[in-house]
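Need the 3D shape of this:
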Amino acid sequence: MARVSETSERLIAQNRRASHDYFILETVEAGLVLSGTEVKSLRSGKASLAEAYATVENGEAFVQQLHIPPYEQGNRWNLEPTRRRKLLLHRAEIVKLQRAVAQKGQTIIPLKLYFSKGYAKLLIGIAKGKKTYDKRQTIAERDARREIQRAKRSGERGA
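Residues are numbered from 1 along each chain as shown. The predicted structure is shown next:
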């Protein structure tokens with residue numbers, strides 16, 4: 001019997017508020033430095049990106065406030081759930097992130113946490129905050145698209 005290959009991605013957590021609160025300018029895939037019990041906790045599908053953000057310090061990238069709950073059977077090996085975790089990126093990517101954060105109004109936010117080929121990956125985005133009127137405009141555009149789709153469907157049924 002053939003083994004199922006792990007080439008596909010398995011989503012663990014997604015930051016749904018990110019596209020509502022920010023304009024995503026660019027995305028970068030990063031690896032995470034994790035302990036064994038954290039990986040086991042992620043494999044059970046538990047994590048939260050709600051308050052997480054990324055920083056660049058001394059030429060290294062870190063994700064902070066990424067909540068990975070303690071593994072139930074981990075006892076003394078469990079670490080702090082919201083500890084700072086190092087991101088694995090190429091030097092050029094770190095420099096690009098550092099330049100982006102230096103610009104006014106831009107930040108680095110985690111978008112998705114997933115397993116790819118057995119490794120935990122974090123999709124981070126260079127983002128710029130939306131103003132209230134930008135959010136209203138986005139909602140209006142989405143509603144308009146929804147109305148158009150509704151009209152198309154009702155037109156197809158009536159024909």
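
Residue 69 against residue 41, yeah?
Yes: here residue 69 lies in contact with residue 41, judged by CB atoms under 8 Å, at a distance of 5.9 Å. From N, CA and C alone the C-beta is placed, and that goes for glycine too.

who touches the helix or strand hosting residue 107?
For residue 107, the element it lies in under DSSP states H and E is strand 106-116. Taking CB atoms under 8 Å, 6 or more residues apart in numbering as the criterion, the residues outside strand 106-116 that touch it are 6, 9-15, 18, 22, 24-25, 27, 29, 42-43, 47, 49, 52-56, 61, 63, 66, 97, 100-101, 120-129.

With neighbour numbers in mind, choose between residue 69 and residue 41.
Between residue 69 and residue 41, counting by other CB atoms under 10 Å, residue 41 is the more crowded of the two (22 against 15).

Is the more buried one part of a helix or strand, or is it coil?
Following DSSP: H, G, I helix; E, B strand; the rest coil, the label given to residue 41 is helix.

related to what we said a few turns ago, can I have the buried ones of the contacts of strand 106-116 as a ChimeraX selection?
Filtering the contacts of strand 106-116 down to the buried ones (16 or more other CB atoms under 10 Å) takes a single ChimeraX command:
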select :12,13,15,18,22,42,47,49,52,53,54,55,56,61,63,66,97,100,120,121,122,123,124,125,126,127
